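[1] need the 3D shape of this:
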Amino acid sequence: MTVLPRPESRFPPSPVSDETGVELKIQGVVQGVGFRPFVHRLASRFGYSGTVVNSAEGVVIRLAPPLAHLDSFLQCLQEEVPPLAGITSLEQTNIDVFPSEPGFVILESERSGAASTMIPPDAAVCDDCLAELFSKNDRRYLYPFINCTNCGPRFTIVESIPYDRPNTSMKVFPMCPDCSGEYHDPGNRRFHAQPNACWQCGPRLSWHDADGRRLQCEDPLQEAGRALAQGKVVAMRGLGGFHLSVDAGSDTAVQRLRHRKRRPSKPLAVMVGDVQAAMKICSISLPEKESLRSWQRPIVLLAKRDDSSLAPSVAPGILHLGLMLPYTPFHHLLFRVAETPPALVMTSGNRSDEPICTANEEAIDKLAGIADFFLLHNRDIVTRADDSVVRVIAGKARPLRRSRGYVPRSVALQQDLPAVLACGAELKNTFCMTRGRTAYLSQHIGDLSTMETLEFFEESVRHMQQVLEFEAEAVACDLHPDYLSTRFAESLGRSLYRVQHHHAHAAAVMAEHGLDEDTFAVILDGTGFGPDGTVWGGEILLAGFSSFERLASLEQMMLPGGDAAAREPWRMAMAALWAAYGEEGLVGRDHLVPALAKIDAAKKETLEQMMSRRVNTPLTSSCGRLFDAMAGLLDLCLVSGYEGHAAMELEATAWRAVRDDWMHVGAGEIYFPVEIRKVQGRLVIGTRSLIRSVVDCLAGSADPGEIALAFHRWLALSVTAVIKELAAKRGRKKVVLGGGCMQNGLLLGGLSKDLQAAGFQVYSAEKVPANDGGLALGQAVIAGMNYVKS
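    Coordinates of the predicted model:
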């Protein structure tokens, strides 16, 4: 056949004679994604003889001469890869010993050497499988575990690599003759599809009562749909763990779930059957629609419609809703059941502050008293993985929680690093392992506040070490001495690098964008332990991978009660008033803040005494706590129901006042003056004038939305003014934005535009979360670079 030449390859081939064979070693996401069958078809198309095999290092292709049009073959190899595959490196070597038999053969997997391949992420059921699922003539008609090489479970069922059926939880399901025939047919879409199964040989669903007793029924999904329509709570075993589900249109059902789960106000995720149903609930842009329909199928934060039929208790007080589409076959089947409500709450199946349940027995035990029924299956979940969460900001989908569908896809690095284990932070924990120019970030672990979550963290570290055959040369942790992740890192007995929290945030963004020079970094988040012993959180740094310099920060205020101040924003409102007016000036002014009249007088008096005597009132420059103070002053949130509650209420209130030109000075009805001064060689963004202006606005009965919007504008303009002043002296034009406050779409979008208008190149988190879920990547790179230097 004649093959037309293609553009120059990313991996240029070396010259090959007619008597010389070629070996290609390929790394990336190349196992469990139909890559070997793809190579087989491609080699056959070119008329090549040879072999392809999975190895611990990836995929190895050996081609026998003659090899006409090899450059075109290599180009096709890169451009025509299966949907879930990705090549990160290709090494070509000429060989004298090569396969002598004619034809192209897929060999059994090899097992030697350190693993450098990537386990593929779990993928939503593909369109081809969906068509078969609902085709009455197909042998998998209505089979709830249909899959192929382009979709289905991957990471959550893998025990070890190479990724072959005996190394997954599917090993207990021997394939029937029909499935085996597909598996061994190079022309079939299920050729070497490891989870391949059907009604005859694969996993099954079952229906159980609240005590876990199996109930005989013709169709468990019919029973589940009927129970949900009746307002019952159904625990469903999914891909990476359990969901607790109720009718999202029934306020009674949602409140029942909240009461049983002890989750009074935190927003609940919702699943609907298709995009058309989603558009009846939320306003959806094109990038948001693309995220909803992507093969990762994350939860996408979307603006709620005013005419939505959802129960108000699903996501009270905020403008955005976490919405997702079905990603397993049985989800699709459930929405085809006539009785199933059109929108279902799908929240994590766990007790409060514990990891999601994965095993049937575990769920029946731990979800007793919460679930009325259990929809179970008998395919074991090897590795739990929560639903991922993304938000589209400035036209780009950004992960807020990176888990199912994204993990364990790696992040490419610009530097060669040693084997580093970075243990992450205390909240939204993930860990990271690096090897060479590859970083493997774990799935979402959660808050390391319970022994159950710590055990999940340790189990996940061991599992990742096993599948990657990873032995850490160095370990990284947060600077905070009391984090459980820090103590775990200390227990490993390796070279230990303690990385300052905000330096790690900066390095994470720099690493994902391939920045290797010292860069301005604006890191705004809740809290992080500073080298000076105070609580940081509103920082502007000059950051590199080896070190950092603190150039500017928000003005400090007291954190009355320590961690209690993060849970009770009214405390931060009092602290802000104290900072603005002082002890004497505060007297008689709290009546100007109507919200504080709701707080018990004795509590306020105790808090004032604490601040007066400086008892348990550490100083903080935290931006997150400033958001809390603003939410408290505006009576949006006096006591938080969940982490980030006050900030989300403040952003939602500000959005209601947004106009197209909201970032421009004077665009709104209210403008807060920017106040910057130099304190001990560092620029400080003052907050006293801000707080006094807010109190004046409240006294004048100003609209809370206008005040909230003016605060966002003030923060963006203040940061931009500082960066301009620093750049005038330092001559740098690149700025990275990170930290949990950069999940705020109003702030990130506005600040980015402001900095870009001033001529700066702006970089923000796009591959890993801006919050603490991405921190481990920064820790790993900083530790790795310093380890190499030492």
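
[2] show me what counts as buried in stretch 451-468.
    Of all the residues in stretch 451-468, those buried under the rule 16 or more other Cβ atoms under 10 Å are 453-454, 456-457, 460-461, 463-464, 467-468. Just so you know, the C-beta spots here come from the backbone N, C-alpha and C atoms, and that holds for glycine as well.

[3] now the strands: where do they sit in the stretch 301-450 of the chain?
    Secondary structure of the stretch 301-450 of the chain (DSSP state E, counting those that start in this stretch): strands located at 320-324, 343-348, 373-377, 389-393, 396-401, 411-422, 432-441.

[4] who wins for proximity to G530 among those?
    With respect to G530, and counting by Cβ to Cβ, the nearest of the strands of the stretch 301-450 of the chain is strand 411-422 at 19.6 Å.

[5] direction included, what does the closest one pair up with?
    Partner strands and pairing direction for strand 411-422 (DSSP bridges) are strand 432-441 (antiparallel), strand 474-478 (parallel).

[6] any chance of TSV for those, columns mean neighbour count and mean pLDDT?
    Supplementary listing: the strands paired with strand 411-422 in TSV, determined by neighbours: other Cβ atoms under 10 Å; pLDDT from 0 to 100:
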stretch	mean neighbour count	mean pLDDT
strand 432-441	23	95
strand 474-478	27	98
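
[7] so the residue lying closest to L554 once chain neighbours are set aside is in which element?
    Nearest-residue entry for L554: G538, 3.1 Å, with adjacent residues in sequence omitted and distances by Cβ to Cβ, 6 or more residues apart in numbering. Secondary structure from DSSP states H and E places G538 in strand 535-543.

[8] where does the stretch 101-250 of the chain have low pLDDT?
    Low-confidence regions of the stretch 101-250 of the chain, defined by pLDDT under 70, span residues 111-117.

[9] make it 90
    Flagging of the stretch 101-250 of the chain using pLDDT under 90 yields the residue ranges 101-103, 105-120, 160-164, 185-187, 191-192.

[10] what sits against P203?
    The contact partners of P203, by Cβ atoms under 8 Å, 6 or more residues apart in numbering, come to 145, 173, 197, 377-379.

[11] can we see that at 6 Å?
    Residues near P203 by Cβ atoms under 6 Å, 6 or more residues apart in numbering: 145, 377-379.

[12] which non-adjacent residue is nearest it?
    Taking Cβ to Cβ, 6+ apart as the measure, P203 lies nearest to R379, with 3.9 Å between them; neighbours along the chain are not counted.

[13] out of the strands of the stretch 301-450 of the chain, which is closest to V22?
    When those are compared by Cβ to Cβ, strand 432-441 sits nearest V22, at 23.3 Å.

[14] toward the C-terminus, what is the element adjacent to that closest one?
    Past strand 432-441, further along toward the C-terminus, the next helix or strand under DSSP H and E is helix 451-468.

[15] elements contacting that following helix?
    With contacts taken as 3 or more Cβ pairs under 6 Å, 6 or more residues apart in numbering; DSSP states H and E, helix 451-468 sits against no other helix or strand.

[16] now do that helix, average pLDDT.
    With pLDDT averaged residue by residue, helix 451-468 scores 94.

[17] one more: stretch 684-691?
    Stretch 684-691 shows an average pLDDT of 97 in the prediction.

[18] repeat for stretch 513-528
    Mean pLDDT, stretch 513-528: 96.

[19] quick one: that stretch to chain centroid distance?
    Relative to the chain's own centre, stretch 513-528 is displaced by 19 Å; criterion: Cα atoms, centre = their mean, to the nearest Å.

[20] how about that stretch: buried residues?
    Taking 16+ other Cβ under 10 Å as the neighbour-count basis, stretch 513-528 is seen to contain the buried residues 513, 515, 518-528.

[21] ok, now stretch 167-185?
    In terms of neighbour count (16+ other Cβ under 10 Å), stretch 167-185 has its buried residues at 167-170, 173, 175-176, 179, 182-183.

[22] phi, psi for the closest residue to R262 other than its chain neighbours please.
    Excluding its sequence neighbours, the residue lying closest to R262 (Cβ to Cβ, 6+ apart) is S352, at 5.3 Å. Torsion angles at S352 (phi, psi; degrees, to the nearest 10) stand at phi -60, psi 130.

[23] how about the residue lying closest to A507 once chain neighbours are set aside, what does it touch?
    Nearest residue to A507 in three dimensions, chain neighbours excluded: G778, at 3.4 Å (Cβ to Cβ, 6+ apart). Neighbour list for G778: 504-505, 507-508 [criterion: Cβ under 6 Å, 6+ apart].

[24] could you redo the last one with a cut-off of 10 Å?
    G778 makes contacts with 422, 424, 432, 476, 499-512, 543, 545, 738, 768, as judged by Cβ atoms under 10 Å, 6 or more residues apart in numbering.

[25] what subset of these is buried?
    Of all those considered here, the ones buried according to neighbour count by 16+ other Cβ under 10 Å are 422, 424, 432, 476, 499-512, 543, 545, 738, 768.

[26] where's the residue nearest to A507 relative to L448, distance?
    For G778, the distance to L448 (Cβ to Cβ, to the nearest Å) stands at 18 Å.

[27] cool, Y440 as well?
    The span separating Y440 from L448 equals 19 Å under the rule Cβ to Cβ.

[28] now for S449: which residues touch it?
    Contacts for S449 were tallied using Cβ under 10 Å, 6+ apart; they are 353-354, 426-427, 429, 484.

[29] mind checking which of the contacts of P203 are buried?
    Judged by 16+ other Cβ under 10 Å, buried ones among those: 145, 377, 379.

[30] let me know the helix or strand that the first one is in.
    Using DSSP H and E, F145 is not contained in any helix or strand.

[31] what sits against the residue nearest to P203?
    When contacts are counted by Cβ under 10 Å, 6+ apart, R379 is found next to 145, 153, 156-157, 168-170, 172-173, 195, 197, 202-204, 237, 239.

[32] next one: D478
    The contact partners of D478, taken as Cβ under 10 Å, 6+ apart, are 422-426, 485-486, 489, 498-501, 504, 528-529, 772, 775-776, 779.

[33] what about the helices in the stretch 451-600 of the chain?
    Secondary structure of the stretch 451-600 of the chain (DSSP state H, counting those that start in this stretch): helices located at 451-468, 484-490, 501-512, 564-567, 569-586.

[34] okay if I get those as CSV plus distance to A385?
    Supplementary listing: the helices of the stretch 451-600 of the chain in CSV, determined by distance: least, Cβ to Cβ, whole Å:
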stretch, distance to A385
helix 451-468, 10
helix 484-490, 19
helix 501-512, 21
helix 564-567, 28
helix 569-586, 32
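
[35] quick one: closest of these to S309.
    In this view, these are compared for proximity to S309 by Cβ to Cβ, and helix 569-586 is the closest at 31.5 Å.

[36] got the domain ranges for this protein?
    21-106, 118-203, 205-377, 392-553+771-789, 554-732 (automatic domain parsing).

[37] buried deepest among those domains, which one?
    The highest mean neighbour count among those belongs to domain 392-553+771-789 (a mean of 22), with neighbours defined as mean count of other Cβ atoms under 10 Å.

[38] quick one: it to chain centroid distance?
    Remark: domain 392-553+771-789 is offset 14 Å from the chain centroid, using Cα atoms, centre = their mean.

[39] equivalent analysis for stretch 386-395, please.
    On the basis of Cα atoms, centre = their mean, stretch 386-395 is displaced by 8 Å from the centre of the chain it belongs to.

[40] tabulate the strands paired with strand 411-422 (JSON lines), appending distance to R214.
    Rendered in JSON lines, the data for the strands paired with strand 411-422 read as follows (distance: least, Cβ to Cβ, whole Å):
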{"stretch": "strand 432-441", "distance to R214": "39"}
{"stretch": "strand 474-478", "distance to R214": "46"}
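
[41] quick check: closest non-adjacent residue to P102.
    The nearest residue in space to P102 (Cβ to Cβ, 6+ apart) is S49, at 5.2 Å.
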